[in-house]
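A.B. asks: Using only what follows, build the 3D model:
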Amino acid sequence: MIAVAKARQYLEQLGLHQAAAVLESRLEAAAHKQLPYAEFLVDLLGIEAAARRERYLRTRMRLAHLPFHRTLEQFDFSFQPSIDERQIRELATLAFVADAANVIFLGPPGVGKTHLAVALGIKVIEAGYGVYFVRAHDLLEDLRRAQAEHRLDRRMRVYLAPKVLIIDEFGVWPYDRAAATALFALISARYERGSVILTSNKGFAEWGEVLGDPVIATAILDRLLHHSHVINIRGESHRLREKKRAGLFGTPHAREVITTQGTASEH
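C.D. replies: Predicted coordinates for the structure are as follows:
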């Protein structure tokens with residue numbers, strides 16, 4: 001037992017805390033199975049490696065600020081037949097990350113754009129790369145404020161550091177020229193250096209109106225689309241489908257419920 005205690009002490013000193021915690025139980029299992037020393041060592045170090053990877057993934061997920069945890073396996077491709085599942089599976093190989101290419105999901109609200117963006121982000125994290133998720137409105141407000149306070153370069157580092165930046169819900173709100181200029185600076189700085197996954201309910205022809213400057217919008221699109229994969233989703237909102245299943249459509253009372261819910265959500 002002295003030797004076991006000493007081995008545990010050394011494991012702790014080396015920072016192998018999970019291996020130290022399970023040392024005795026793994027020794028007993030190895031003795032019962034009469035495992036060779038090398039196999040016992042592989043078993044013990046494998047437990048430590050798995051624990052470290054789990055801690056790494058938890059940290060990366062937290063730093064990514066993902067709004068939820070949804071995978072490609074949870075996405076209902078049968079509900080959105082306009083999506084080419086093979087194309088999404090190909091994106092999940094992360095070749096676009098290696099190429100510093102962009103992925104742009106276009107479509108109306110509720111069709112799964114954010115789900116797919118987050119699912120790809122999770123794949124990127126699992127592959128060992130950094131990811132950062134931000135709503136477009138929050139991003140542009142942050143950049144506009146930083147520009148006004150003459151600290152845009154410093155603030156920009158937050159959005160340049162991750163290998164993949166996810167910008168969600170672009171086009172929901174209109175932006176002024178200062179915000180558009182700041183976004184152009186960010187997209188230009190990431191151009192051919194890191195990937196952007198962007199979701200939008202606006203077609204490219206509408207970006208000039210959204211950004212308040214067609215020239216800046218064209219310059220942003222020029223860089224975003226140069227190396228990109230564009231997925232245009234056409235279909236029914238998943239959220240509205242759930243309301244239909246619940247019987248909230250089709251009757252005067254149902255329309256009243258929907259109106260009431262919509263009014264409440266606006267406040």
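
A.B. asks: From now on I want contacts and neighbour counts done on CA atoms only, so please keep to that.
C.D. replies: OK.

A.B. asks: Look at residue 41 and say how many residues are nearby.
C.D. replies: 15 (other CA atoms under 10 Å).

A.B. asks: May I ask which helix or strand encompasses it?
C.D. replies: helix 37-64 (DSSP states H and E).

A.B. asks: ok, residues contacting whichever helix or strand comes after that helix?
C.D. replies: Per DSSP H and E, the first helix or strand lying C-terminal to helix 37-64 is helix 85-91. Contact with helix 85-91 is made by 77, 120, as judged by CA atoms under 8 Å, 6 or more residues apart in numbering.

A.B. asks: likewise stretch 29-47?
C.D. replies: Contact with stretch 29-47 is made by 18-19, 22-23, 26-27, as judged by CA under 8 Å, 6+ apart.

A.B. asks: ditto for stretch 4-23
C.D. replies: Against stretch 4-23 from outside (CA under 8 Å, 6+ apart): 24, 44-45, 47-48, 51.

A.B. asks: buried sites along it?
C.D. replies: Within stretch 4-23, the residues that qualify as buried by neighbour count (16 or more other CA atoms under 10 Å) are 8, 11, 16-20, 23.

A.B. asks: Next, format those as JSON lines and append distance to residue 205, pLDDT and secondary structure.
C.D. replies: What follows is those, written out as JSON lines (distance: CA to CA, whole Å; pLDDT from 0 to 100; DSSP: H, G, I helix; E, B strand; the rest coil):
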{"residue": "8", "distance to residue 205": "64", "pLDDT": "93", "secondary structure": "helix"}
{"residue": "11", "distance to residue 205": "60", "pLDDT": "94", "secondary structure": "helix"}
{"residue": "16", "distance to residue 205": "55", "pLDDT": "94", "secondary structure": "coil"}
{"residue": "17", "distance to residue 205": "56", "pLDDT": "95", "secondary structure": "helix"}
{"residue": "18", "distance to residue 205": "55", "pLDDT": "94", "secondary structure": "helix"}
{"residue": "19", "distance to residue 205": "57", "pLDDT": "93", "secondary structure": "helix"}
{"residue": "20", "distance to residue 205": "60", "pLDDT": "94", "secondary structure": "helix"}
{"residue": "23", "distance to residue 205": "62", "pLDDT": "93", "secondary structure": "helix"}
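
A.B. asks: would you turn those into a markdown table with distance to residue 176?
C.D. replies: A markdown table is the format used below for those (distance: CA to CA, whole Å):
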| residue | distance to residue 176 |
| --- | --- |
| 8 | 61 |
| 11 | 57 |
| 16 | 53 |
| 17 | 52 |
| 18 | 52 |
| 19 | 55 |
| 20 | 57 |
| 23 | 61 |
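
A.B. asks: ok, so of those, who is nearest residue 161?
C.D. replies: residue 16 (29.3 Å; CA to CA).

A.B. asks: can you tell me how far that closest one sits from residue 37?
C.D. replies: For residue 16, the distance to residue 37 equals 18 Å [CA to CA, to the nearest Å].

A.B. asks: Now a ChimeraX select for only the buried ones of the contacts of stretch 4-23.
C.D. replies: Selection of the buried residues among the contacts of stretch 4-23 in ChimeraX, burial being defined by 16+ other CA under 10 Å:
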select :44,47,48,51
